[in-house]
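Peer 1: Just a sequence and a predicted model for now, questions to come.
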Amino acid sequence: MMKIRSTLAAASAACLFALGALCASGAAAQAYPSKPIRYVVPYAPGGGTDILARVIAEKLSAAWGVPVLVENMPGAAGRIGTAAVARAAPDGHTMLLTINSHAINVSLYGKLNYDPIADFAPVILIATAPQVVVVHSSLPVKSIKDLIALAGTRELTYSSGGPGSASQLGAELFNLMAKIKLVEVPYKSGSAAMNDLLGGHLPMSLVTFPVVQPHLSSGRLRAIAVTSQTRSTLAPDLPTVAESGLPGYDVFSWFGTFAPAGTPAPIIDKWNAEITRIMALPDVQEKLKTLGYEAKGGSAAQFGQFLRSDWAFWDKVIKELKISLKD
């Protein structure tokens, strides 16, 4: 009898503790935000990730009545800023907006000083951005099948942002699946790569829509496919690489918000709901179009599942390609 009473007492205490914690979490969420918010972007100012963060931050500031400040913490392929958020207090006042390097870096670099899954709470998948396979107009190529056939008869080079970049990984996955060898030419800047492509010094490249659109209209470049699994709403008539002869090919950039692990669920839900609202605003939709992004959304749980799937996909690809980077 004493044992039963002790067990009941322990269970009651546990329930009261859990209830107290739940009430404290709810109270914290109701009072949130209580001070300025740091919205960390682990990349330099001026890029697409930074622009997207500033669009969202401005709307959040107006809605919540506190400053939401974009803080750029570039370096080490996004790892410096990401590690800083992993160590921040889980109270919703330090948040992260990052890209698919969050899922890729652990496979590229090996051991990190943070765990991209365990140290973060997914909040929302904000947007995605596919690339476009483009060729110089002088190249006798009008489809992915044409490109693969031509690569079997002559050397074709492509521009990349360097090892581990989206353009390099996308092209090397293309090589792997098509059983060809496109040769990488790394560039320090996208503008230099585009100049060489327009000048015919490079026969092809994988680039984003906004960068290439003016040159498609002028006829200097030709788009032959989009790299995502499904067609892009930005160019619905352009076929995918997957439907053009390489089933399963699916390469795109993504942009998402994370909180430090342990952040109360009501705060994560508040961010999710507010960003969902913001992404549907007409002026934000127009800004996304100029960036070449497609709004996504969904629940925090769905984003978590997406992150695990993306990590598993690129981990397998990077191991097959035998890519290993060191600082």
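Peer 2: Thanks, I have the structure now. Remember, predicted model here, so these are calculated numbers, not experimental data.
Peer 1: after the longest strand along the chain, next one along is what?
Peer 2: Secondary structure of the chain per DSSP state E: the longest strand is strand 120-136. Sequence order places helix 144-151 as the next helix or strand after strand 120-136, per DSSP states H and E.
Peer 1: now the strands: where do they sit in this structure?
Peer 2: Going by DSSP E, the chain shows strands at 37-41, 68-72, 94-99, 120-136, 157-160, 183-186, 204-208, 221-226, 252-260, 294-295.
Peer 1: what about dumping the CA coordinates of the longest one to CSV?
Peer 2: Right, strand 120-136. The C-alpha trace of strand 120-136 is given here as CSV (Å, rounded to 0.1, in the frame of the first residue of the first chain):
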residue,chain,number,x,y,z
PHE,A,120,17.6,23.3,-34.0
ALA,A,121,13.9,23.4,-34.1
PRO,A,122,12.5,23.7,-37.6
VAL,A,123,10.1,26.6,-38.0
ILE,A,124,9.1,26.9,-41.7
LEU,A,125,10.2,26.2,-45.2
ILE,A,126,9.9,29.7,-46.7
ALA,A,127,10.8,29.2,-50.4
THR,A,128,12.7,27.2,-53.0
ALA,A,129,14.6,28.3,-56.1
PRO,A,130,15.4,25.9,-58.9
GLN,A,131,18.3,26.4,-61.3
VAL,A,132,18.1,26.5,-65.1
VAL,A,133,20.4,24.5,-67.4
VAL,A,134,21.4,27.1,-70.0
VAL,A,135,23.7,26.9,-73.0
HIS,A,136,25.2,29.5,-75.3
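Peer 1: mind listing what it pairs with, with the direction of each?
Peer 2: As defined by DSSP bridges, the strand partners of strand 120-136 come to strand 204-208 (antiparallel), strand 221-226 (antiparallel), strand 252-260 (antiparallel), strand 294-295 (antiparallel).
Peer 1: Now do the first one, average pLDDT.
Peer 2: Pointing back at strand 204-208 there. The average pLDDT within strand 204-208 is 91.
Peer 1: Mind putting the strands paired with strand 120-136 into a markdown table with distance to L238 and mean neighbour count?
Peer 2: For the C-beta atoms, the positions are set from N, CA and C on the backbone; glycine is no exception. Shown next, in a markdown table, are the strands paired with strand 120-136 (distance: least, Cβ to Cβ, whole Å; neighbours: other Cβ atoms under 10 Å):
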| stretch | distance to L238 | mean neighbour count |
| --- | --- | --- |
| strand 204-208 | 13 | 24 |
| strand 221-226 | 5 | 22 |
| strand 252-260 | 14 | 23 |
| strand 294-295 | 14 | 18 |
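Peer 1: do you know which of the ones you listed lies nearest V106?
Peer 2: Nearest to V106 among the strands paired with strand 120-136 is strand 252-260 (14.4 Å), distances taken as Cβ to Cβ.
Peer 1: and that closest one with strand 37-41, angle?
Peer 2: 150 degrees (axes from the mean of the first three to the mean of the last three Cα atoms, to 10 degrees).
Peer 1: any idea how far the longest strand of the chain is from the chain center?
Peer 2: 5 Å (Cα atoms, centre = their mean, to the nearest Å).
Peer 1: Give the buried residues for stretch 162-182.
Peer 2: Neighbour counts over stretch 162-182 (16 or more other Cβ atoms under 10 Å) mark 164-175, 177-178, 182 as buried.
Peer 1: Over to stretch 260-273?
Peer 2: For stretch 260-273, by 16+ other Cβ under 10 Å, it's P260, T263, P264, P266, I267, I268, K270, W271, N272.
Peer 1: Which pLDDT value belongs to the first one?
Peer 2: At P260 the predicted local distance difference test score is 98.
Peer 1: ditto for the fourth one
Peer 2: pLDDT for P266: 97.
Peer 1: Next up, the contacts around V66.
Peer 2: P33, S34, K35, P36, I37 (Cβ atoms under 8 Å, 6 or more residues apart in numbering).
Peer 1: where's the nearest residue to the third one once chain neighbours are set aside relative to V40, distance?
Peer 2: Same thing as K35. Leaving aside its chain neighbours, K35 sits nearest to H93 (6.0 Å; criterion: Cβ to Cβ, 6 or more residues apart in numbering). Counting by Cβ to Cβ, to the nearest Å, the gap from H93 to V40 is 11 Å.
Peer 1: repeat for P236
Peer 2: 35 Å.
Peer 1: out of these two, which sits in the busier spot?
Peer 2: V40 (23 against 8; other Cβ atoms under 10 Å).
Peer 1: OK, contacts around the more buried one?
Peer 2: Per Cβ under 8 Å, 6+ apart, neighbours of V40: E71, M73, G81, A84, V85, T94, M95, L96, L97.
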